[in-house]
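J.: Kindly generate the corresponding structure for this input.
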Amino acid sequence: METRQSGRYAGVDTLRGLAIVWMMTFHFSFDLNWFGLIHTDFYTNPVWLWQRIAIVSLFVFTAGLTQTFTDVRGRPGSEFWKRWAQIVGCSLLVTAGSYLAFPRSFIYFGILQGIAAMLLLHRLAFRHLRAWVLLLAPVAIVAPQLWGHAFFNPPWWNWTGLITQKPITEDYAPLLPWIGLLWLGAGTGWLLARSGFRPLQRLPAVRPLAFLGRWPLTVYMVHQPVLVSITWMLAHLMR
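T.: Numbering: from 1, shown residues only. Prediction:
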């Protein structure tokens, strides 16, 4: 059900919370592998690669939905820019932290940088297309396969996603194809707006997941230091 005070939909928060729990499970498994408690390949094993795609897709799709909610409700632009600045600031912290942990494969254009770039481009150029943005989504999703070129392989062009060789980095979420998922979310939101978002009111809500879904950026920034600490202690206790 919609919360009148905040204008939120618990079902959407639940969907985002599901992505958060899935992400934390994924990262905890990565940490276990990093400390040698399990042995698997997160870089080439399809089981892990497809899970990452699914997790990022949920986050980006719900981000697109949220942009439509704010547009329909007419929230002031200052709220968008405040949130956008928070995402950019957190992305810089992630880059710094990843450089300390993985200096040869640090994160320079991961999910936070990607979402910041997608939100900025969507806000400045594409949100006025409303549901018509759905027509651009498939083009963005297939763009790397159609127009990928070695010219974009150097790091300073990686943000485009039009690469032919994946960069060496622990997290990579370029503009293409992921903005296509954001446009799917934003365009779907505009279609649902015609019925007052009533279909969203019927989405099942799970309170613990909905709670997590209200604080995605905070959970994202806190969970890995906590999980790494737990994994480090486990590794030392088992030696």
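
J.: Can you give me the buried ones in the lengthiest helix in the chain?
T.: Among the elements of type helix in the chain, defined by DSSP state H, the one spanning the most residues is helix 46-73. For helix 46-73, a neighbour-count test (16 or more other C-beta atoms under 10 Å) marks 48, 51-52, 55-72 as buried. Yep, even glycine has a C-beta here, placed from its N, CA and C like the rest.

J.: can you give me the offset of the helix or strand where Trp232 lies from its chain's centre?
T.: Trp232 is located in helix 216-237, with elements delineated by DSSP states H and E. When distances are taken as C-alpha atoms, centre = their mean, to the nearest Å, helix 216-237 is centred 19 Å away from the chain's centroid.

J.: Just name whatever secondary elements that helix is in contact with.
T.: Using 3 or more C-beta pairs under 8 Å, 6 or more residues apart in numbering; DSSP states H and E, the elements in contact with helix 216-237 are helix 10-34, helix 77-101.

J.: tell me the mean pLDDT over stretch 189-199?
T.: pLDDT averaged over stretch 189-199 equals 91, rounded to a whole number.

J.: Could you pull up the mean pLDDT of the longest helix of the chain?
T.: Here the average pLDDT along helix 46-73 is 95.

J.: what do you get for stretch 230-239?
T.: Taken as a whole, stretch 230-239 has a mean pLDDT of 91.

J.: From the chain's centroid, how far away is it?
T.: Relative to the mean C-alpha coordinate of its chain, stretch 230-239 is positioned 30 Å out (C-alpha atoms, centre = their mean).

J.: got a list of contacts for it?
T.: Around stretch 230-239, the neighbours that count as contacts under C-beta atoms under 8 Å, 6 or more residues apart in numbering are Phe28, Asp31, Leu32, Trp34, Phe35, Gly36, Leu37.

J.: circling back to that earlier point, just want the angle from the longest helix of the chain to helix 77-101.
T.: Helix 46-73 and helix 77-101 are oriented at 160 degrees to each other (axes from the mean of the first three to the mean of the last three C-alpha atoms, to 10 degrees).

J.: Give me the most central residue, this protein.
T.: The residue lying closest to the centre of the chain (C-alpha atoms, centre = their mean) is Phe59, at 4.2 Å.

J.: can I assume it is in contact with Leu217?
T.: No: the pair Phe59 / Leu217 is not scored as a contact, 10.7 Å apart, by C-beta atoms under 8 Å.

J.: need the contact list for Val60.
T.: For Val60, the contact set (C-beta under 8 Å, 6+ apart) comprises Gly114, Ile115, Met118, Trp178, Leu181, Leu182, Gly185.

J.: ok, and the most crowded of these?
T.: Neighbour counts for the contacts of Val60 were taken using other C-beta atoms under 10 Å; the highest belongs to Leu182, with 29 neighbours.

J.: gap between it and Ser229?
T.: Distance of Leu182 to Ser229, given as C-beta to C-beta, to the nearest Å: 33 Å.

J.: Can you tell me the number of residues neighbouring the closest residue to the residue nearest to the centre of the chain other than its chain neighbours?
T.: Closest residue in space to Phe59, ignoring its immediate chain neighbours: Ala19 at 5.2 Å, by C-beta to C-beta, 6 or more residues apart in numbering. Counted with other C-beta under 10 Å, the neighbours of Ala19 add up to 23.
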